[in-house]
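Visitor: Prediction below, plus the sequence it came from.
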Amino acid sequence: MKIFPTSNYCFKIIGEPAESLERLKRRTQISESLSSKITDKSFLGIITNNSFRIISSEIGKGAFCVLNGEISNKNGTVNIEINKAFQILLSIILCLPIAGLIAQLLSQEPNLAVVLIAAATVQILMIRFIFIELAFRRLSKRSLSRLSDVLDIESIEKI
């Protein structure tokens with residue numbers, strides 16, 4: 001089981017790859033750090049040769065998903081994952097039920113241990129499979145839609 005979700009897609013471009021990459025370069029603010037900044041461009045990140053590592057430029061929401069991709073001929077691939085900064089933050093949030101469990105076990109009777117362990121497990125699963133998954137799906141679709149618009153993608157399918 002992966003702690004953080006990822007998605008992989010392959011796509012086909014309508015026009016020439018060079019034109020699409022040039023359009024992506026024009027619509028991307030070059031930035032080594034993948035953190036939100038106010039800009040009039042669609043993306044922030046790095047584009048080298050035929051590969052890219054970008055985030056959406058939406059303040060707050062755009063930095064959640066990182067798009068790593070490569071274009072060769074008229075075909076390309078893109079891997080969407082959660083940004084490292086958000087992975088650290090979400091890891092801390094996932095550890096909170098465990099910390100609460102330990103605090104409760106130290107202050108309560110040991111008879112409640114099974115109930116507390118079950119409650120902590122349910123909380124961790126809810127955080128991972130409901131909150132993180134829903135946020136990732138929503139924000140990755142939004143970023144992928146922006147990328148599709150910029151690159152003029154003809155067809156896209158999940159791998």
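Guide: Yep, that arrived. Residues are numbered from 1 along each chain as shown.

Visitor: How far away from the center of its chain is the least confident helix or strand in the chain by mean pLDDT?
Guide: Counting by mean pLDDT, DSSP states H and E, the weakest-scoring helix or strand in the chain turns out to be helix 113-126, with a mean of 86. Its chain's average C-alpha position is 26 Å from that of helix 113-126, according to CA atoms, centre = their mean, to the nearest Å.

Visitor: Check which residues of it are buried.
Guide: Buried positions in helix 113-126, judged by neighbour count with 16 or more other CB atoms under 10 Å: 116, 120, 123, 124. The way it works is simple: take the backbone N, C-alpha and C, and place the C-beta from them, glycine included.

Visitor: ok, these vs residue 20, which is closest?
Guide: If you rank the buried residues of helix 113-126 by distance to residue 20 using CB to CB, residue 124 comes first, at 41.4 Å.

Visitor: tell me the secondary structure for the closest residue to that closest one other than its chain neighbours?
Guide: Ranked by CB to CB, 6 or more residues apart in numbering and with sequence neighbours excluded, the top spatial neighbour of residue 124 is residue 97, at 5.3 Å. Under the three-state scheme (DSSP: H, G, I helix; E, B strand; the rest coil), residue 97 adopts helix.

Visitor: Around residue 97, count how many other residues there are.
Guide: Residue 97 has 19 neighbouring residues, counting by other CB atoms under 10 Å.

Visitor: dump the residue contacts of it.
Guide: The contact partners of residue 97, taken as CB atoms under 8 Å, 6 or more residues apart in numbering, are 119, 120, 123, 124, 127.
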